[in-house]
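Asks: What would the 3D arrangement of this be:
(chains A, B, C and D)
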Protein chains: 2
Amino acid sequence: MMDERSKQVLYAIIESYIDKPEPIGSRFVTKKYSFGFSPATIRNIMADLEDVGLLAQPYTSAGRVPTDKGYRFYVDSLFRQGMEVPFIPGRQEEQPPFKDVIDEALGRVSRRLETAGNDMAEVFSEVTNVLSMASRYVGIVLPPRPEKTTFNRIDLIRYRGEHVVAILLTDEGVIKNRIIKVDPRLSQDDLNRITDYLNAEYSGRTLDEIKAALIRRMTQEKALWDLLISRAIGICEEALSFSGDEFFVSGLYDLMDLPDFADIARIREMAKAIKDKHMMLGLLDDLVSAEGVQVLIGRESSVEELKNLSIVASTYKEGDRPMGVIAVIGPTRMDYPRAIYMVDRVAGFITKALSSSV
Amino acid sequence: MMDERSKQVLYAIIESYIDKPEPIGSRFVTKKYSFGFSPATIRNIMADLEDVGLLAQPYTSAGRVPTDKGYRFYVDSLFRQGMEVPFIPGRQEEQPPFKDVIDEALGRVSRRLETAGNDMAEVFSEVTNVLSMASRYVGIVLPPRPEKTTFNRIDLIRYRGEHVVAILLTDEGVIKNRIIKVDPRLSQDDLNRITDYLNAEYSGRTLDEIKAALIRRMTQEKALWDLLISRAIGICEEALSFSGDEFFVSGLYDLMDLPDFADIARIREMAKAIKDKHMMLGLLDDLVSAEGVQVLIGRESSVEELKNLSIVASTYKEGDRPMGVIAVIGPTRMDYPRAIYMVDRVAGFITKALSSSV
DNA sequence: TATTAGCACTCACATGACGAGAGTGCTAAC
DNA sequence: GTTAGCACTCTCGTCATGTGAGTGCTAATA
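Replies: Residues are numbered from 1 along each chain as shown, chains lettered A, B, ... in the order given. Next up, the predicted model:
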């Protein structure tokens, strides 16, 4: 096991490197902190840390740089210490208090939303901005997977001849509309009867369940039911079929200002990775079941494009059901305490918004 | 006035430069085309073209590069010739026929939309992608300014206690929903009466007109009207108040692959410019009234951030009313014939989609 | 035994010199 | 009016060189 001193040196290097992405030398460490040792001693410690794979040298006789494993060690220690930044002798606390930033931003959002009455689409979009602003990295918010949401009601409105607009409301405040074609002979009365039926039948169940139920019905008893209901089922089927592969992203451009993305190849790689909705969804979807804030550092995600990026994610819930995921993406050299705090706060905010709106 | 030969040399240089953004030398021109003159003669012509400001030299004794004015000359000649690319002796026609690209893409979109029944939000999103793919630059689509759209009907649906969801349908297929707070004592019957009233009163008028009418009423006769109607007006007011400062953008990342954005500063500048919704809206909004395809080259837009970018834009219409704008943004060194063609086609497509859906 | 001073060594990076190459402008000949 | 010829200019890549930051190792020190 590593002794306390080695850890402190590791943390010092990580923090310094996060602050400025240049290889950290032994002399620098002694100057910035007050370990009470000479550079030579620090050098020995650094060599040891390199041996265990927590630090790396970009080239012989340069300063040291944290490895993914080093960040992992640091983050794990953060979690063990209840997110308190570890002690390092002589550290200057120059950090502006980032906790106020998010308080203020979320306060503004909730005030703004009061008038809008918790339209969740608004919430998600606003909150994505807040997340990226506050973390200074890319903010991502996955709205509730449509299938997990709870059917509140559906309405059908005649629209231009043979179309109806199906408006689907869920308990979570998510609203979907779809234009679908229907038999032009259906009157608004017919439509009303259909919606009455659907609302009575399915209210309070998740869209997942409803889909399953619909399929069962359509196969089992297809000829038996009366025309209206079979139509209702068809319409409902159509209304429930949306892709659900959308999510909110914000802050991509600000990320470009980081020195980590000084060369164009990196920017492109990053943009490509984040644009890859499919991969992103797969990755974040896996986290929906997890508890608390999750951190994926560089190669840990085993996605080649993300090798230089870290993800800090958390689920938000409705009651005790996890509904969706929010995340911050930034360079592996990320201000983890800040990012973790932001993600946690924002996830809490959404959870609260969801429960208060029921 | 310039003689034919000078023009051809200008066009040759512009086309060559568009093909590959490196200063074009006299020798190169004689090799690639067959003017039948020696490099020395071409040099003389080039010097003349530089004198009138159509070409520029990055540094003494480098090849020539087109200026904004040069592109403008080229584009104007395109317009004069009905978009036919000008004649240049000995040009190889190696261009793959780009007209097929867009045909194919738009075909796919319309097939896809048939089932979805012309949900305009879908149309705009799809079409933005097509535009950026086909042009290979950034595609931008401004949906109809909400105020210009025509009220079709409004529906109010009770939702969780004191909220109602207001669903606003326009003739243009644009659907807006807003959650608004209402007096909880209003029954669904009351709501129905309100919508009946609003639908009867305002159907077929533009949201602009309606807003004006609402304001007139609210001030003029506020106490006189019965409670329900005053409520109806209040709700309608709320339902009509949305920002409308959103637009669709696609293809920003592909733009980064262009050699024009080889250095990071340019990318950042570009991203910033395009992200600046306010500026963008202002710029494009001005074009709504214009006829046909508009081209803004570099500094012509008099927006500092756009000095290296060109915009090719066109309005789409509903009937003869211009509803919104689409545009392609790329480097001033843009394949103008292609971009103009794409913008024109896509604008036509949207116009058709709008009219066929009425 | 842990720490440190001293020192030789390594490597990236900035600087400047240099030559090759592309392209020009000009002049004189065609 | 056109072109060949030529001197000239400027960029860019390469190479040599020096500097500085930082290391690892060894021997001296507390």
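
Asks: alpha carbons only for contacts and neighbour counts from here, please
Replies: Will do.

Asks: isn't there a strand covering A:Lys317?
Replies: Yes: counting by DSSP: H, G, I helix; E, B strand; the rest coil, A:Lys317 is found in a strand.

Asks: Across the sheet, point out what pairs with it.
Replies: A:Lys317 has the following beta-bridge partners by DSSP bridges: A:Pro322.

Asks: how about it, what does it touch?
Replies: A:Met323, A:Gly324, A:Ile350, A:Thr351, A:Leu354 (Cα atoms under 8 Å, 6 or more residues apart in numbering or on different chains).

Asks: Return the member of those residues nearest to DNA strand C.
Replies: Of all those, A:Gly324 has the smallest distance to DNA strand C: 42.2 Å, by Cα to the nearest atom of the strand.

Asks: What are the phi and psi values at that closest one?
Replies: The phi/psi pair for A:Gly324 (degrees, to the nearest 10) reads phi -160, psi -180.

Asks: mind putting the contacts of A:Lys317 in CSV, neighbour count, distance to chain B and pLDDT included?
Replies: Putting the contacts of A:Lys317 into CSV (neighbours: other Cα atoms under 10 Å in any protein chain shown; distance: Cα to the nearest Cα, whole Å; pLDDT from 0 to 100) gives the following:
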residue, neighbour count, distance to chain B, pLDDT
A:Met323, 23, 19, 90
A:Gly324, 25, 22, 91
A:Ile350, 21, 17, 94
A:Thr351, 20, 18, 93
A:Leu354, 21, 13, 85
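
Asks: Now do the same contact list for A:Glu300.
Replies: A:Glu300 makes contacts with A:Lys307, as judged by Cα under 8 Å, 6+ apart.

Asks: Can you tell me how far it is from A:Lys307?
Replies: Distance, A:Glu300 to A:Lys307, by Cα to Cα, to the nearest Å: 8 Å.

Asks: what residues does chain A put near DNA strand D?
Replies: Applying Cα under 7 Å from any atom of the strand, we find that chain A lies next to DNA strand D at A:23-28, A:39-40, A:43-44, A:46-47, A:60-64.

Asks: now, which of the residues you listed lie within helices?
Replies: A:Ser26, A:Arg27, A:Phe28, A:Pro39, A:Ala40, A:Arg43, A:Asn44, A:Met46, A:Ala47 (DSSP state H).

Asks: Report the buried members of those residues.
Replies: Buried by 16 or more other Cα atoms under 10 Å in any protein chain shown: A:Ser26, A:Pro39, A:Arg43, A:Met46, A:Ala47, out of these.

Asks: that older thread, farthest-apart pair in the contacts of A:Lys317, please.
Replies: Using Cα to Cα, the contacts of A:Lys317 span at most 11.3 Å, a distance reached by A:Gly324 and A:Leu354.

Asks: low pLDDT regions in chain A?
Replies: Within chain A, the segments meeting pLDDT under 70 span A:1, A:115-118, A:220-227, A:243, A:357-358.

Asks: And the residue of it that's closest to DNA strand C?
Replies: A:Phe37 (3.4 Å).

Asks: Could you report the distance from that residue to B:Gly348?
Replies: Distance from A:Phe37 to B:Gly348, by Cα to Cα: 74 Å.

Asks: again with A:Phe79
Replies: According to Cα to Cα, A:Phe79 and B:Gly348 sit 57 Å apart.

Asks: mind checking the SS state of A:Ile157?
Replies: Recorded secondary structure, A:Ile157: strand (three-state DSSP).

Asks: What's the local residue count around it?
Replies: Per other Cα atoms under 10 Å in any protein chain shown, the neighbour tally for A:Ile157 reads 19.

Asks: quick revisit: and the residue of chain A closest to DNA strand C, what helix or strand is that in?
Replies: Here A:Phe37, judged by DSSP states H and E, is contained in no helix and no strand.

Asks: so who does it touch?
Replies: Counting by Cα under 8 Å, 6+ apart, A:Phe37 touches A:Thr30.

Asks: for chain A, what spans make up the helices?
Replies: Taking DSSP H, the helices of chain A run over residues A:4-19, A:26-32, A:39-51, A:68-80, A:98-116, A:120-135, A:188-202, A:207-220, A:227-240, A:252-255, A:264-275, A:277-285, A:336-356.

Asks: contact partners of the fourth one?
Replies: Spelled out, that is helix A:68-80. Helix A:68-80 is contacted by residues A:10-11, A:14, A:53-55, A:84-86, A:297-299, A:332, A:336-337 when judged by Cα under 8 Å, 6+ apart.

Asks: and chain A, which of its residues are near DNA strand C?
Replies: Residues of chain A lying close to DNA strand C (Cα under 7 Å from any atom of the strand) are A:Gly36, A:Phe37, A:Ser38, A:Ala40, A:Thr41, A:Asn44, A:Tyr59, A:Thr60, A:Ser61.

Asks: ok, these vs chain B, which is closest?
Replies: When the residues of chain A next to DNA strand C are ranked by distance to chain B (Cα to the nearest Cα), A:Tyr59 comes first, at 25.6 Å.

Asks: Measure how buried that closest one is and give me the count.
Replies: A:Tyr59 has 9 neighbours, counted by other Cα under 10 Å.

Asks: Regarding stretch A:241-251, how distant is the last residue from the first?
Replies: Stretch A:241-251 has its terminal residues 30 Å apart, counting by Cα to Cα.

Asks: And for it, what's in contact with it?
Replies: Residues from elsewhere that reach stretch A:241-251 (Cα under 8 Å, 6+ apart): A:124-125, A:128-129, A:132-133, A:136-143, A:145-146, A:277-278, A:281.

Asks: Buried residues of it, list them for me.
Replies: Quick answer for stretch A:241-251 (16+ other Cα under 10 Å): A:Phe247, A:Phe248, A:Val249, A:Ser250, A:Gly251.
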